[in-house]
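*Asks:* coordinates only, sequence not included:
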């Protein structure tokens, strides 16, 4: 549902579902709201092949458009993290992440694509949880499915790379 400009009510007006739904229900659905709060830590060791996160998944219907904001709380025990997104065939993705590169420089990483999974991006982590904010838009094609955060170690290492509990996904369907 798209945003509907709120109406001005008049005294004595009969309020019906047809009047209220576009202004209350549909506007609420158009605003970003919490979709997922990761309930538990998830770790990978000695593996550089991206895996689908167990929880950070956005279900999407055919031809829907979503704005999203992902906050990935991650830490490493010896290796940094690579990440990407997978999504239904026919979808288009445009996200930006403000991340710390290996070596300490901060940069904006853009993720654009019509091919799932997207190309892999990397982020430097530390032994303390780091927020990796990823914001953008997803435009789905004619097939429903899920937009899924996928991740792995950047370099195979026996120390665990962990996506922490309380990582968040906020999203709002705009069409």
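*Replies:* It's in. This is a predicted model, so every value here is computed, not measured. Numbers count the residues shown, from 1 in each chain.
*Asks:* Helices of the protein, residue ranges please.
*Replies:* Along the chain, counting by DSSP state H, helices occupy 17-23, 25-30.
*Asks:* Tell me where this structure is predicted with low confidence.
*Replies:* 1-3, 29-32, 101-103 (pLDDT under 70).
*Asks:* Mind telling me which residue is nearest the centre of it?
*Replies:* The centroid of the chain falls nearest to residue 70 when counting by C-alpha atoms, centre = their mean (4.0 Å).
*Asks:* Touching, it and residue 149? I think so.
*Replies:* Yes - in terms of C-beta atoms under 8 Å, residue 70 counts as a neighbour of residue 149; the distance is 6.4 Å. Using the backbone N, CA and C atoms, a C-beta is placed for each residue, glycine as well.
*Asks:* Name the residues contacting each of those two.
*Replies:* Residues touching both residue 70 and residue 149 by C-beta atoms under 8 Å, 6 or more residues apart in numbering: 56, 169.
*Asks:* so what's the spatially closest residue to residue 53 that is not a sequence neighbour up against?
*Replies:* Spatial nearest neighbour of residue 53, chain neighbours left out: residue 149 (4.6 Å); criterion: C-beta to C-beta, 6 or more residues apart in numbering. Counting by C-beta under 8 Å, 6+ apart, residue 149 touches 52, 53, 56, 57, 70, 72, 83, 85, 169.
*Asks:* what is the residue nearest to the first one when sequence neighbours are not counted paired to in the beta sheet?
*Replies:* Right, residue 52. In space, and not counting its chain neighbours, residue 52 is closest to residue 148: 4.8 Å by C-beta to C-beta, 6+ apart. Counting by DSSP bridges, residue 148 is bridged to residue 57, residue 86.
*Asks:* Any figure for the gap between residue 148 and residue 39?
*Replies:* 16 Å (C-beta to C-beta, to the nearest Å).
*Asks:* just checking, the residue nearest to residue 52 touches residue 53?
*Replies:* Yes - counting by C-beta under 8 Å, residue 148 does reach residue 53; the two are 6.7 Å apart.
*Asks:* Show me what the lengthiest strand in the chain is packed against.
*Replies:* The longest strand of the chain (DSSP state E) is strand 65-76. Secondary-structure packing of strand 65-76 (3 or more C-beta pairs under 8 Å, 6 or more residues apart in numbering; DSSP states H and E): strand 51-60, strand 130-139, strand 145-153, strand 161-163, strand 168-173.
*Asks:* Fine, thanks again, bye for now.
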